[in-house]
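1. make a model of this:
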Amino acid sequence: MRTIIFSLIMGILIFSGCGSDNTIPQISKSYYTTECSSFDIDRTDLECGVLEVPNDYFNPTSTFSLPIVIKRAKKEAIKSPVIYEVGGPTEKGALKELTFLDWVSSNFSTFDDRDLIFYNRRGEQYSSSYLSCSSVDESELKENLTELLGENNTINSITQEQFETSIKSSYIDALIGCKNFLQSKGLFKKDFTTRNSAYDIESLRKSLGYEKINLLGVSYGSRLSLEYLELYPENLESVVLDGVLPENSDFMQHSVTQYKEAIERFFKVCEEDSKCNGAYPNLKDEFLFVMDYLHNKPFFYTFNGNKYNIDGRNLAIKVYENLYSRSNYSTIPYMIHRIYNELIYDNYTFLESLTTTYTEEGDEDLIFNFIHYQDYPINLNTLLAKKDTLGEFTNSYSIYDIMTHNGIYEVYGGGRFVQYPYKNNVPVLIITGTLDPVTPYFYAENIDARLQNSTNIVLKNYGHGNFTSNCGKLSLERFWESKSEFTPPDCVNDKNPIDFFVEEE
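-> Below is the predicted model:
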């Protein structure tokens, strides 16, 4: 149900608004310190503050406050700071990852004399522009779903005709209700863009008095970092793009088939590994069986008094999510094989142990989809055509996804492609993994070919976001110290075999 609600939320923020035709953004320079408890942080070793930025940099009518957390240099800050740009965008933002801030600070010696900055962007939690429709819940939507689907509540039984007649009207009502609620708080579509977030970075730099900054962008954070690179190259010392999302990628369209491509690459790795192939010689066939079985006969369970189900599609999504991190790779074949055997022998012990992982609420909702639907165009016909190419993986992407995209497009509209020239010589390090299920290796090749001073490191058998790996850490530390003189460490050529888990008999 988490994925269903996630999809339903995707287009809720539908607004209108217009700005002036001014050409020079009115960059803010307003920062003040505050108690960290304002952001529910119980720490005395951090500097917490608030950055005030205009809602619209060309025609400001109000201001947004953004929460800032600074881990000051351990010694004297004689080098330019690093600003961490988290992926997503996520509802919780970078401030949910303060243990990660500590990890970064302690694992890179460069922070002996550099400040490290985490902050939440406009639309994220603790900002005055927090995009939350909690007061406009999906209760009516849930009632309609329950009425349509009955006790089983399995989304896969919805046909396109049923969606059109029974779901779409309440879906649109939910969009309109959220729109009215957020507009009453002064939150409008035009204020939440990657471009405005890039201006926020410039406001942060100026307000804190830094001459130059370094950006560490992961996933969507790389997209935002590229935006700033195009706007303010003179204010950058370097940029790191980990799991890069180029501004000209066909991200929304490619999302339909990316699952198939990612899992196929993983199956190929298992097939070529003697240990994995020896233990799971029919891994792909078993996975397709499990997905189709649960598609036709979902597994139902109760958690905290609520009914849930695991069907073929959300199992496929769980496997997809496990492909994000290499730390999960060793057990994916075992998980698939174990579920396959349980379905065959009608024993669901292992499947039941997994159920709590399907009840977690995602935090990539309003702000995530609001930004991406503005950055990338949507074409229903292309989405439907791409769905037809999924073949045996069709059940991993339901008609509901397509119709949700269509509903958003009708009331929201798609974005437009842009492609920047990047006519600057700022040193850029690109890190990608061959098994990245989100931003595949050819995204990195795309941006590497268009940048003037970049190095693209491809880590074999790694997933999404890899600067924390041993080779990633070594590369990043060396890059921050050498910049344009950077040479990749030898570890980038490692094969990085996966130590697949095999249950002892």
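2. hey, let's count contacts and neighbours off CA atoms from now on
-> Will do.
3. quick one: secondary structure of the most centrally placed residue in the chain?
-> Most central residue of the chain, judged by C-alpha distance to the mean C-alpha position with Cα atoms, centre = their mean, is Gly88 at 3.3 Å. In terms of secondary structure, Gly88 is coil; the call rests on DSSP: H, G, I helix; E, B strand; the rest coil.
4. ditto for Thr394
-> For Thr394, the secondary-structure state derived from three-state DSSP is helix.
5. what's the first helix or strand after the least confident helix or strand in the chain by mean pLDDT?
-> Here the helix or strand of the chain ranked lowest by mean pLDDT, DSSP states H and E is helix 2-9, holding a mean of 35. Scanning forward in sequence from helix 2-9 by DSSP states H and E, the next helix or strand is strand 31-33.
6. need the contact partners of that following strand.
-> Taking Cα atoms under 8 Å, 6 or more residues apart in numbering as the criterion, the residues outside strand 31-33 that touch it are Glu47, Cys48, Gly49, Val50, Leu51, Glu52, Leu204, Ser207, Leu208.
7. strand partners of that strand, parallel vs antiparallel please.
-> If you go by DSSP bridges, strand 31-33 pairs up with strand 47-54 (antiparallel).
8. and the residue nearest to the centre of the chain, what's its pLDDT?
-> Note for Gly88: predicted pLDDT of 87.
9. circling back: state the pair within the contacts of strand 31-33 that is farthest apart.
-> Distance extremes for the contacts of strand 31-33: the farthest pair is Glu47 and Glu52 at 16.3 Å, using Cα to Cα.
10. out of those two, which sits in the busier spot?
-> For Glu47 versus Glu52, the count of surrounding residues by other Cα atoms under 10 Å is larger for Glu52: 23 against 16.
11. what's the mean pLDDT across stretch 126-134?
-> Stretch 126-134 shows an average pLDDT of 85 in the prediction.
12. now the contacts of strand 31-33: which count as buried?
-> Buried members of these, counted by 16 or more other Cα atoms under 10 Å: Glu47, Cys48, Gly49, Val50, Leu51, Glu52, Leu204, Ser207.
13. need these in a markdown table (columns: distance to Arg338 and pLDDT).
-> Conversion of the buried ones among the contacts of strand 31-33 to a markdown table gives the following (distance: Cα to Cα, whole Å; pLDDT from 0 to 100):
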| residue | distance to Arg338 | pLDDT |
| --- | --- | --- |
| Glu47 | 48 | 97 |
| Cys48 | 47 | 98 |
| Gly49 | 49 | 98 |
| Val50 | 50 | 98 |
| Leu51 | 51 | 98 |
| Glu52 | 53 | 98 |
| Leu204 | 50 | 98 |
| Ser207 | 55 | 97 |
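14. out of these, the closest to Ile336 would be?
-> Cys48 (45.0 Å).
15. which helix of this structure spans the most residues?
-> Determined from DSSP state H, the single longest helix within the chain is helix 251-272.
16. after that one, which helix or strand is next? Please name it.
-> Moving toward the C-terminus from helix 251-272, the next element (DSSP H and E) is helix 274-279.
17. who are the packing partners of that next one?
-> Helices and strands touching helix 274-279, by 3 or more Cα pairs under 8 Å, 6 or more residues apart in numbering; DSSP states H and E, are helix 251-272.
18. show me where the stretch 351-500 of the chain has its helices.
-> Secondary structure of the stretch 351-500 of the chain by DSSP state H, counting those that start in this stretch: the helices cover 366-375, 380-388, 399-412, 441-450, 470-482.
19. looking at the ones you listed, which has the lowest confidence?
-> The weakest mean pLDDT among the helices of the stretch 351-500 of the chain belongs to helix 399-412, with a mean of 56.
20. just the strands in the protein please.
-> 31-33, 47-54, 63-71, 82-85, 116-119, 213-218, 236-242, 299-303, 306-310, 428-433, 454-459 (DSSP state E).
21. with distance to Leu98 added, can I get those in a markdown table?
-> Written out in a markdown table, the entries for the strands of the chain read as follows (distance: least, Cα to Cα, whole Å):
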| stretch | distance to Leu98 |
| --- | --- |
| strand 31-33 | 18 |
| strand 47-54 | 12 |
| strand 63-71 | 9 |
| strand 82-85 | 11 |
| strand 116-119 | 8 |
| strand 213-218 | 15 |
| strand 236-242 | 19 |
| strand 299-303 | 30 |
| strand 306-310 | 32 |
| strand 428-433 | 23 |
| strand 454-459 | 26 |
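22. looking at the ones you listed, spot the one closest to Phe267.
-> strand 428-433 (15.7 Å).
23. and the closest one with strand 213-218, angle?
-> Between the direction of strand 428-433 and that of strand 213-218, the angle (axes from the mean of the first three to the mean of the last three Cα atoms, to 10 degrees) works out to 10 degrees.
24. residues in contact with the closest residue to Pro54 other than its chain neighbours?
-> Closest residue in space to Pro54, ignoring its immediate chain neighbours: Thr63 at 4.3 Å, by Cα to Cα, 6 or more residues apart in numbering. Contacts of Thr63 were listed using Cα under 8 Å, 6+ apart, and they are Glu52, Val53, Pro54, Asn55.
25. the last one contacts Lys189, doesn't it?
-> No. With the criterion set as Cα atoms under 8 Å, Asn55 and Lys189 do not qualify as a contacting pair; they are 10.5 Å apart.
26. those two: who's more crowded?
-> Summary of the neighbour comparison: Asn55 and Lys189, criterion other Cα under 10 Å, with Asn55 having more neighbours (23 against 19).
27. ok, that one to Phe267 distance?
-> The spacing between Asn55 and Phe267, counted by Cα to Cα, to the nearest Å, is 47 Å.
28. please, where are all the helices along the stretch 101-250 of the chain?
-> 139-149, 160-162, 168-184, 194-208, 220-231.
29. so where is this structure shaky, pLDDT-wise?
-> Under the criterion pLDDT under 70, the flagged ranges of the chain are 1-22, 134-175, 303, 305-308, 355-366, 369, 378-380, 397-415, 505.
30. same thing but 80
-> Flagging of the chain using pLDDT under 80 yields the residue ranges 1-23, 132-180, 189, 252-256, 299-311, 314, 347-374, 376-389, 394-417, 504-505.
31. so which elements touch the longest helix of the chain?
-> For helix 251-272, the elements it packs on are helix 274-279, helix 312-322, helix 380-388, judged by 3+ Cα pairs under 8 Å, 6+ apart.
32. buried set for the shortest one?
-> Burial within helix 274-279, assessed by neighbour count using 16+ other Cα under 10 Å, is assigned to Lys275, Cys276, Asn277, Ala279.
33. many thanks, have a good one.
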